[in-house]
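>>> my questions concern the predicted model and sequence given below.
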Amino acid sequence: MSASEDSAVQRVDRLEAQEKEKLIDLASQLIKGGNLTSVTAYGSKVAGYARPDSDYDIIVTTPKFPGRIRYKYVDSPVRASALVVEDDLFVGDARKASLGEFVAGRLLNVHQPLLNEEFVRRAEVESKRRVMAEALLETSNAYGEFSQDLIIPLDYFLFDKLHKRAMIYPPALYSYVKTYTCALAPENRASSLDGFQEATKMLASQGFVRADDGSVRMVSEKLKSKTFAKLLALFNLTSRGVRQYAVHGYAGRVALNVVKDEAVSKMRRMQQKAEPPPELTQPKNLLKLDEGFVVASTGDAIQRLADDHGFDDYTYKSKNLGEVYSTARIVTLKGKEDAEYVFKHFADFRSMKWAFLNIWSLTIKFSMSPQARMHREYSAMIKLRAAGIQTPRVLGAAIDDKVLVREYVEGSPLSKIIDGVLKGRTSDVSDVESYGEVMGKVHRARFALGDSKPENVIMKSREVYITDLEQAVEDGDQPWDIAEFLYYTGKLSLREEGMRVVADAFLEGYERTNGRENIAKAEAAKYVLPFRAVVTLQIQKVIRDALKRRSS
């Protein structure tokens with residue numbers, strides 16, 4: 001669909017008819033023979049923050065031009081800065097960043113085609129499709145499987161790119177800030193995002209993303225395909241080219257006094273006080289999740305929680321939660337009141353336990369990737385809760401630190417309750433039976449927990465909360481969950497009667513909600529192998545006998 005046919009295009013018309021006429025006339029004078037392909041106005045005059053003495057900025061494209069690309073500064077018929085570029089370079093920069101986005105980068109923000117709108121529109125959409133594809137690849141590489149949980153608004157692609165360009169070429173920051181904080185900022189943003197909307201349709205038609213109401217989600221399987229890799233074969237070319245942004249159009253192309261005047265002007269603008277919009281300084285804060293906020297770092301997450309509580313003045317402390325090898329910590333914010341949260345660090349060095357467990361266990365392979373475990377926990381907590389199983393609410397994610405923030409569930413660990421039963425301090429096994437019922441429901445929901453030990457279960461007001469789901473997967477090894485719970489519970493124990501009571505209660509609860517099939521499979525010798533070094537033969541027999549009673 002061409003630009004002229006697309007009624008949804010957010011056109012801007014900021015220049016008077018006389019201004020347009022003069023600029024097109026100026027462009028014709030710059031090109032010998034007047035063989036123009038397109039003319040596009042951009043910059044302060046179009047964005048709406050120009051001073052009375054501001055120049056016009058235009059891009060002029062033509063089939064052939066001596067030098068192929070050059071800046072032209074003119075005073076008549078109007079004061080203007082004209083970037084003249086051959087058509088093939090213009091298109092190549094849009095599609096492949098062949099000029100390091102020196103030209104195409106100007107199409108990121110609001111602009112006004114004055115001649116051949118369709119040609120300019122195609123280049124804009126191609127450029128924005130590439131910008132999106134690069135950002136998707138970068139996100140996928142950085143956050144792995146967790147990237148598929150992110151909801152990425154189209155604003156993110158715009159401001160992430162502008163943020164990176166400003167980091168490389170700081171003088172550009174002034175124009176970005178003014179464009180998105182001036183009186184016309186809402187219209188400027190809508191115009192800039194319109195090209196991303198069209199680019200989204202192209203990427204969605206190729207199956208790389210799913211589009212939904214101004215945002216996209218990544219299709220993880222497609223992102224790993226050769227097709228996507230081919231699409232981004234020139235990804236590094238952009239990085240190399242943008243480093244030359246400041247000199248690409250100037251070096252050896254214009255008089256020294258022009259370069260000096262332009263540099264002085266840019267430095268003066270940088271010194272003017274202009275508060276950038278938050279999305280320009282922290283574009284990652286634009287990312288969203290179905291449940292919880294997204295920030296870059298753990299410190300940002302703590303500040304976000306404090307802000308949500310209205311804590312202007314606060315302190316916080318952190319302590320380990322659970323076993324010594326646990327990667328979860330309780331963070332307590334102390335302000336007008338105390339607020340407790342669980343921060344789970346998936347990249348913590350203690351996560352190396354999964355590598356050792358893979359060596360130890362011949363039965364199941366545990367995921368070691370921090371991004372994959374973070375995705376599994378986030379996804380399983382939401383999906384299992386939707387299936388009626390209690391899990392803590394996810395409050396947010398610090399994606400660069402690979403940390404999930406969730407609510408703190410105050411209650412008794414099931415492991416502590418079971419210890420009381422094994423040691424004869426109590427005969428009440430109703431909580432154990434309840435966990436069996438819940439595990440049956442988990443399996444009926446087509447999930448396997450992967451790490452089903454009682455330390456990962458909290459009993460709160462007789463309700464079962466599953467708090468550790470980093471190894472949970474759909475259609476996983478469900479009999480392993482049953483076997484691991486029983487054999488792990490019996491480790492280093494000599495109390496046969498207590499273990500018999502616990503096993504029977506758990507299996508009775510499980511059978512009630514999911515039948516006997518998985519119980520029978522859990523009898524397999526492969527499931528006891530990983531525990532033979534820590535579970536006595538007598539306790540192994542107690543567990544096998546319990547499994548047989550329930551599976552026969």
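Received it, and whenever you're ready, just let me know what you need. Residues are numbered from 1 along each chain as shown.

>>> and Ser76, helix, strand or coil?
Classification of Ser76 by DSSP: H, G, I helix; E, B strand; the rest coil places it in coil.

>>> low-confidence stretches in the chain?
Applying pLDDT under 70 to the chain flags the ranges 1-10, 221-274, 324-325, 348-363, 366.

>>> any idea how it splits into domains?
Taking automatic domain parsing as the criterion, the chain consists of the domains 3-286, 293-407, 412-551.

>>> quick one: Lys453 and Ala483 touch, right?
No: using C-beta atoms under 8 Å, Lys453 is not in contact with Ala483, being 11.2 Å away. For every residue, glycine as well, the C-beta is placed using N, CA and C.

>>> rewinding a little: would you reformat the domains of the chain as CSV and include mean neighbour count?
Below are the domains of the chain laid out as CSV (neighbours: other C-beta atoms under 10 Å):
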stretch, mean neighbour count
domain 3-286, 18
domain 293-407, 17
domain 412-551, 19
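
>>> so Asp431 makes contact with Arg462?
Yes: judged on C-beta under 8 Å, Asp431 makes contact with Arg462 at a distance of 7.5 Å.

>>> which residues touch Ile364?
Residues near Ile364 by C-beta atoms under 8 Å, 6 or more residues apart in numbering: Gly450, Asp477, Trp480.

>>> can I get these in CSV with distance to Ala135 and secondary structure?
Compiled in CSV, the contacts of Ile364 are given as follows (distance: C-beta to C-beta, whole Å; DSSP: H, G, I helix; E, B strand; the rest coil):
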residue, distance to Ala135, secondary structure
Gly450, 32, coil
Asp477, 36, coil
Trp480, 38, helix
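
>>> redo the residues you listed as TSV? Include distance to Pro77.
Below are the contacts of Ile364 laid out as TSV (distance: C-beta to C-beta, whole Å):
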residue	distance to Pro77
Gly450	72
Asp477	77
Trp480	79
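
>>> ok, of those residues, which one's closest to Ala296?
Nearest to Ala296 out of these is Gly450 (C-beta to C-beta; 28.7 Å).

>>> backbone dihedrals for the closest one, please?
phi 80, psi -40 (degrees, to the nearest 10).

>>> measure Cys122 to Ala104 for me?
Cys isn't right for residue 122; it's Arg. Shown here: Arg122 relative to Ala104, a distance of 12 Å by C-beta to C-beta, to the nearest Å.

>>> for Glu187, same thing?
As judged by C-beta to C-beta, Glu187 and Ala104 stand 22 Å apart.

>>> over to Val409?
From Val409 over to Ala104 (counting by C-beta to C-beta), the distance is 51 Å.

>>> can you check Pro370 too?
Pro370 is 35 Å from Ala104, by C-beta to C-beta.

>>> next one: Gln471
In terms of C-beta to C-beta, Gln471 sits 45 Å off from Ala104.

>>> Thr489 now?
According to C-beta to C-beta, Thr489 and Ala104 sit 62 Å apart.

>>> same thing with Lys521?
In terms of C-beta to C-beta, Lys521 sits 58 Å off from Ala104.

>>> where do the helices sit along the stretch 51-200 of the chain?
Applying DSSP state H, counting those that start in this stretch to the stretch 51-200 of the chain gives helices spanning 87-96, 117-143, 154-168, 172-179, 185-205.

>>> and those helices as CSV, adding distance to Phe531?
Below are those laid out as CSV (distance: least, C-beta to C-beta, whole Å):
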stretch, distance to Phe531
helix 87-96, 57
helix 117-143, 35
helix 154-168, 47
helix 172-179, 60
helix 185-205, 48
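
>>> and the ones you listed: which comes nearest Ala47?
The nearest among the helices of the stretch 51-200 of the chain, by C-beta to C-beta, is helix 172-179 at 4.5 Å.

>>> against which helices or strands is that closest one packed?
helix 44-47, helix 154-168, helix 256-271, helix 278-281 (3 or more C-beta pairs under 8 Å, 6 or more residues apart in numbering; DSSP states H and E).

>>> same thing but at 6 Å, please
Counting contacts by 3 or more C-beta pairs under 6 Å, 6 or more residues apart in numbering; DSSP states H and E, helix 172-179 packs against helix 154-168.

>>> and for the helix it packs on, what's in contact with it?
Helix 154-168 is contacted by residues 131-132, 135, 172-173, 176, 192-193, 196, 214, 242, 279-280, 283, 286 when judged by C-beta atoms under 6 Å, 6 or more residues apart in numbering.

>>> please export the C-alpha coordinates of that helix as CSV.
What follows is helix 154-168, C-alpha atoms only, in CSV (Å, rounded to 0.1, in the frame of the first residue of the first chain):
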residue,chain,number,x,y,z
LEU,A,154,6.1,1.1,19.6
ASP,A,155,7.3,4.1,21.6
TYR,A,156,10.1,1.9,22.8
PHE,A,157,11.6,1.4,19.4
LEU,A,158,11.6,5.1,18.8
PHE,A,159,13.0,6.3,22.0
ASP,A,160,15.5,3.4,22.4
LYS,A,161,17.0,4.4,19.0
LEU,A,162,17.0,8.1,19.8
HIS,A,163,18.7,7.3,23.2
LYS,A,164,21.4,5.4,21.5
ARG,A,165,22.0,8.0,18.8
ALA,A,166,22.2,10.7,21.5
MET,A,167,24.7,8.7,23.4
ILE,A,168,26.9,8.5,20.3
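
>>> how far off centre is it?
15 Å (C-alpha atoms, centre = their mean, to the nearest Å).

>>> ok, now stretch 101-114?
27 Å.

>>> what does stretch 46-59 give?
Put simply, stretch 46-59 sits 36 Å off its chain's centre (C-alpha atoms, centre = their mean).

>>> outside of that stretch, which residues touch it?
Under the contact criterion C-beta under 6 Å, 6+ apart, stretch 46-59 has outside partners 14, 23, 39-45, 78-83, 110, 112, 178-179, 182, 184, 188.

>>> again, but for stretch 387-399
For stretch 387-399, the external contacting residues (C-beta under 6 Å, 6+ apart) are 143, 291-295, 297-298, 301, 378, 381, 384-385, 404-407, 409, 441, 445, 463, 465-467.
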